[in-house]
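>>> Please find the sequence and the predicted model below.
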There are 2 protein chains.
Amino acid sequence: MTRGPAGGRAAVPEDRAPEKRRRPGRRPGAADTRGEILTAARKVFAEKGFDKATIRGIAREASVDPALVHHYFDTKDGIFVEAMQFPVDPATVIPTILAGPREEVGERLVRFILTLTADSQAREPVVALLRTAMANEQAVTMLREFLTQAVLGRVAEGLGIPPIRLQVAFSQMFGVIMMRYILKLEPLASADLEELVEILSPTIQRYLAG
Amino acid sequence: MTRGPAGGRAAVPEDRAPEKRRRPGRRPGAADTRGEILTAARKVFAEKGFDKATIRGIAREASVDPALVHHYFDTKDGIFVEAMQFPVDPATVIPTILAGPREEVGERLVRFILTLTADSQAREPVVALLRTAMANEQAVTMLREFLTQAVLGRVAEGLGIPPIRLQVAFSQMFGVIMMRYILKLEPLASADLEELVEILSPTIQRYLAG
């Protein structure tokens, strides 16, 4: 949906000037522009991957001013998180998880991931993205780059541990979520959250101890 | 490719009577019948799952006598392993891995899985099945039932540990293989086998200790 640069650029948020663009049969301006930016972002992330996508490129794809993209979404991470319907923004969540006592960081991380994924509304978009990524090279690249930059790199740096240890920890949690919610292996699929916290926390703690 | 019961049943292996069925443009009889049984098996496993599929049902789908299926493949596990092009038969491999010292079973299992998957010819069919299973309900059911019956159940019983601990161990290895070969997270994707053995073995050993 690329319009020419002179075509439909909105220099100001549409919620300040909705009458100019609202057309019959379309949703009100603000939601529409935001939605158009997210649609453009999904296209740009899929085509270029996370690393090479830029706010400028997303703005161009959406035929809006880059300042408008910044107005709606603070950062590239933020756009990605919303475009992919992630339930949380790693930039917000990671510092909280890392903030407590170091000897319990494994348990905090395990409990956070299991609690979040127990909520089907929070889980579904992430599981859908993982399923797509397993079958699609473009989605794999995008997900790898986002995970590396916005999630794993950030945690490894915050803890001062070698990235491979964090990646192995992530593999454990990824595998458990896949087996619990996609393959639905019993008794894992129906297991109590506390039972899983007890089994998994020492593993994750050992990896994160460095 | 269902033929009527009176249609094309072969009561004896075709390699004993190839002249009866060999036609121009077809491969020699024996390979053909074996291949037809495997094609039928893939269809039956996909439709019925692993548990409900029977040698009789596969024979019916292939329009051959059940005795002929037994002639080519000993067991239902054996047919599945060949139909899915698994590089090894769990029925053969598992007893060997479980046979050594109990305090090193974690390392033996980690080393076996990493060595096997390092060979792309051995890895590709399994990774392909996993990718399909992530996106397809029928394939998920088939894989879950096979894993439970032929792999995980067998190991958990052999070690006398709760199935959930083995499933969490399997999740760890599954996650590592996915991150190493599909998502290709670096440095995990290029990591030396021995480095991974060192990181992973204590985890798997702890789960398998029960």
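Thanks, I have the structure now. Numbers count the residues shown, from 1 in each chain, chains lettered A, B, ... in the order given.

>>> After the one helix or strand in chain A whose mean pLDDT sits lowest, which helix or strand is next?
Lowest on mean pLDDT, DSSP states H and E among the helices and strands of chain A sits helix A:18-21, with a mean of 43. Where DSSP states H and E defines the elements, the next helix or strand beyond helix A:18-21 is helix A:29-52.

>>> what about that next one and chain B, touching?
No: between helix A:29-52 and chain B, judged by Cβ under 8 Å from any Cβ of the partner chain, nothing touches; the nearest distance is 12.5 Å. Heads up, the C-betas are built off the backbone N, CA and C, glycines and all.

>>> Quick one: residues contacting the residue nearest the centre of chain A.
Residue closest to the average C-alpha location in chain A (Cα atoms, centre = their mean): A:Val81, at 3.7 Å. A:Val81 makes contact with A:88-90 under the criterion Cβ atoms under 8 Å, 6 or more residues apart in numbering or on different chains.

>>> can you do 6 Å?
By Cβ atoms under 6 Å, 6 or more residues apart in numbering or on different chains, the contact list for A:Val81 reads A:Asp89.

>>> per-residue confidence for it?
Listed pLDDT for A:Val81 reads 91.

>>> list the buried ones in the helix or strand containing it?
In this assignment (DSSP H and E), A:Val81 forms part of helix A:76-83. Of the residues in helix A:76-83, A:76-83 count as buried by neighbour count, 16 or more other Cβ atoms under 10 Å in any protein chain shown.

>>> right, and out of those residues, which lies closest to chain B?
A:Phe80 (16.1 Å; Cβ to the nearest Cβ).

>>> Next, the contact list for the closest one, please.
A:Phe146.

>>> what do you get if the cut-off is 8 Å, keeping everything else the same?
By Cβ under 8 Å, 6+ apart, the contact list for A:Phe80 reads A:41, A:45, A:50, A:86, A:146, A:150.

>>> got those residues as CSV, with neighbour count and pLDDT columns?
Output for the contacts of A:Phe80, formatted as CSV (neighbours: other Cβ atoms under 10 Å in any protein chain shown; pLDDT from 0 to 100):
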residue, neighbour count, pLDDT
A:Ala41, 25, 94
A:Phe45, 26, 91
A:Phe50, 20, 91
A:Phe86, 18, 89
A:Phe146, 24, 93
A:Ala150, 21, 91
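
>>> Among these, which one sits closest to chain B?
Checking those one by one against chain B (Cβ to the nearest Cβ), the nearest turns out to be A:Phe146, at 10.9 Å.

>>> and that closest one, what element?
With DSSP H and E as the criterion, A:Phe146 is inside helix A:137-146.

>>> Quick check: which helices or strands does that helix pack against?
Where contact means 3 or more Cβ pairs under 8 Å, 6 or more residues apart in numbering or on different chains; DSSP states H and E, helix A:137-146 is packed against helix A:29-52, helix A:120-135.

>>> Need the winner for burial among those.
helix A:29-52 (a mean of 18; mean count of other Cβ atoms under 10 Å in any protein chain shown).

>>> Any chance you could give me that helix in PDB, C-alpha atoms only?
These are the backbone C-alpha positions of helix A:29-52, laid out as PDB (Å, rounded to 0.1, in the frame of the first residue of the first chain):
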ATOM      1  CA  GLY A  29      -8.800   8.700  11.500                       C
ATOM      2  CA  ALA A  30      -6.600   8.100  14.600                       C
ATOM      3  CA  ALA A  31      -7.100   4.300  14.800                       C
ATOM      4  CA  ASP A  32      -6.800   4.100  11.100                       C
ATOM      5  CA  THR A  33      -3.400   5.800  10.800                       C
ATOM      6  CA  ARG A  34      -2.100   3.800  13.700                       C
ATOM      7  CA  GLY A  35      -3.400   0.600  12.100                       C
ATOM      8  CA  GLU A  36      -1.900   1.600   8.800                       C
ATOM      9  CA  ILE A  37       1.500   2.200  10.400                       C
ATOM     10  CA  LEU A  38       1.300  -1.300  12.000                       C
ATOM     11  CA  THR A  39       0.300  -2.900   8.700                       C
ATOM     12  CA  ALA A  40       3.200  -1.100   7.000                       C
ATOM     13  CA  ALA A  41       5.600  -2.200   9.900                       C
ATOM     14  CA  ARG A  42       4.600  -5.800   9.500                       C
ATOM     15  CA  LYS A  43       5.400  -5.700   5.800                       C
ATOM     16  CA  VAL A  44       8.700  -3.900   6.300                       C
ATOM     17  CA  PHE A  45       9.800  -6.200   9.200                       C
ATOM     18  CA  ALA A  46       8.900  -9.300   7.100                       C
ATOM     19  CA  GLU A  47      10.800  -8.000   4.000                       C
ATOM     20  CA  LYS A  48      13.900  -6.500   5.700                       C
ATOM     21  CA  GLY A  49      14.100  -8.300   9.000                       C
ATOM     22  CA  PHE A  50      14.200  -6.500  12.300                       C
ATOM     23  CA  ASP A  51      17.800  -5.100  12.100                       C
ATOM     24  CA  LYS A  52      17.400  -3.400   8.700                       C
END
